[in-house]
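# Just to be clear, the model below is a prediction. Sequence and coordinates:
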Amino acid sequence: MKTALSIAGSDSSGGAGIQADLKTMTMNGVYAMSAVTALTAQNTTGVTAILNVPAEFLAKQIDAVFEDIRPDAVKIGMVSSAELIETIAKRLCAHHAVNIVVDPVMIATSGARLIDPAAVSALKEKLLPIARVVTPNIPEAEVLSGMKIETKQDMETASKQICAQYRCAVLCKGGHSLNDANDLLCTPDGTLRWFEGKRIDNPNTHGTGCTLSSAIAANLAKGAPLDEAIRRAKEYLSGALADMLDLGHGSGPMNHAYLLSCNE
Ligand SMILES: Nc1ncnc2c1ncn2[C@@H]1O[C@H](COP(=O)(O)OP(=O)(O)O)[C@@H](O)[C@H]1O
Ligand SMILES: Cc1ncc(COP(=O)(O)OP(=O)(O)O)c(N)n1
């Protein structure tokens, strides 16, 4: 069985973070493991507290995983401090990790800031260069590229710029604020490819970014080329959104296990 590791924060409400990643990886057919960067006290309406793990403890988790069950892919999600980002980069390089998917989590849908402003440059300098693909939404792509994104053309310009500067593929997600559910992949050879998605009219989108990035990682772990891993990940995500789970008082989680109910 192929294996994948999620390095991310815990979401006590189960819709995003480590919990979403483990469900997604499992449903995408790989053995899922975790290294927790932070605990969040969170529900569908917001984040009330964040507790980072000590950097040495995060390093121990990553080493423990790699020294026993080597991951075929790694997804990195919420990492809120520069010290934790540097620790991850060092440990992944030491273990020659492959298929690294970086979801540059900055602000949750509920509005909570999930990264220190001071850690953004560490994210750019240490994690992007080791990524197979980075998956910013529009606001995150604006921070990474330093430009405002208001049109489809802006998405292309910003993605090319991030890709050229950090030498990693960029999947710029349009779902948030622009261009329906269409995402743009830019690869270091300069190729652009649009992944057209059908917008699903569901207000419960908590954890969409975590789910997409961990589904991409799972499919890379299984040996899919990057564009096929993205296609399958979008298909899985659309199915989970279309199941119309409605839990909690805010923007609720998706049904990560919708494929099981399809079989009933
Ligand atoms: N309502 C929707 N219907 C279908 N796909 C969506 C919808 N909202 C977001 N997506 C897709 O979900 C994925 C995650 O995008 P997004 O919500 O922008 O990420 P994030 O959670 O990081 O802000 C993208 O592939 C995007 O196109
Ligand atoms: C612990 C934790 N990690 C990441 C997020 C953000 O998740 P994301 O998938 O980007 O989705 P939204 O929260 O924007 O829907 C989180 N909330 N918590």
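Received it, and whenever you're ready, just let me know what you need. Here the structure is a predicted model, which is why all the values come from computation and not from measurement. Ligands and ions are numbered 1, 2, ... in the order given.
# The helix or strand hosting residue 21 near ligand 1 at all?
Taking DSSP states H and E as the definition, residue 21 sits inside helix 17-27. No: applying C-beta under 6 Å from any ligand atom, one finds helix 17-27 out of contact with ligand 1, separated by at least 10.0 Å. Quick note: C-beta positions are derived from backbone N, CA and C, even for glycine.
# for the next helix or strand after that helix, the distance to its chain's centre please.
Later in the chain than helix 17-27, the nearest helix or strand by DSSP H and E is strand 31-43. For strand 31-43, the separation from the chain centroid amounts to 13 Å (computed by C-alpha atoms, centre = their mean, to the nearest Å).
# relative to helix 17-27, how tilted is strand 31-43?
Relative orientation of strand 31-43 versus helix 17-27 (axes from the mean of the first three to the mean of the last three C-alpha atoms, to 10 degrees): 140 degrees.
# Next secondary structure after strand 31-43?
strand 46-52.
# Show me what that following strand is packed against.
Secondary-structure packing of strand 46-52 (3 or more C-beta pairs under 8 Å, 6 or more residues apart in numbering; DSSP states H and E): strand 31-43.
# What are the boundaries of the strands in the stretch 101-250 of the chain?
Along the stretch 101-250 of the chain, counting by DSSP state E, counting those that start in this stretch, strands occupy 133-134, 169-173, 183-186, 192-195.
# Give me the helices and strands touching the third one, please.
Of the remaining helices and strands, those touching strand 183-186 by 3+ C-beta pairs under 8 Å, 6+ apart are helix 152-166, strand 169-173, strand 192-195, helix 226-242.
# So which of these is nearest ligand 2?
strand 169-173 (9.4 Å; C-beta to the nearest ligand atom).
# near ligand 1, anything from that closest one?
Yes: for strand 169-173, a contact with ligand 1 is found by C-beta under 6 Å from any ligand atom, at residue 173.
# is that strand anywhere near ligand 2?
No: residues of strand 169-173 contacting ligand 2 under C-beta under 6 Å from any ligand atom: none, with a closest distance of 9.4 Å.
# Dump that strand to PDB, keeping only the CA atoms.
Coordinates of each C-alpha in strand 169-173 appear next as PDB, following Å, rounded to 0.1, in the frame of the first residue of the first chain:
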ATOM      1  CA  ALA A 169       4.600  24.000  -9.900                       C
ATOM      2  CA  VAL A 170       1.700  26.300  -8.800                       C
ATOM      3  CA  LEU A 171      -2.000  25.300  -8.600                       C
ATOM      4  CA  CYS A 172      -3.800  28.600  -8.200                       C
ATOM      5  CA  LYS A 173      -7.300  27.900  -6.900                       C
END
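# Just put the strands of the stretch 101-250 of the chain in TSV and tack on distance to residue 83.
Below are the strands of the stretch 101-250 of the chain laid out as TSV (distance: least, C-beta to C-beta, whole Å):
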stretch	distance to residue 83
strand 133-134	21
strand 169-173	26
strand 183-186	30
strand 192-195	35
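# Would you mind saying which of those lies nearest residue 12?
strand 169-173 (24.6 Å; C-beta to C-beta).
# what's the closest one packed up against?
Short answer (3+ C-beta pairs under 8 Å, 6+ apart): strand 169-173 packs on strand 133-134, helix 138-145, helix 152-166, strand 183-186, helix 208-221.
# Format the strands of the stretch 101-250 of the chain as JSON lines; extra columns: mean neighbour count.
Converted to JSON lines, the strands of the stretch 101-250 of the chain look like this (neighbours: other C-beta atoms under 10 Å):
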{"stretch": "strand 133-134", "mean neighbour count": "26"}
{"stretch": "strand 169-173", "mean neighbour count": "27"}
{"stretch": "strand 183-186", "mean neighbour count": "22"}
{"stretch": "strand 192-195", "mean neighbour count": "15"}
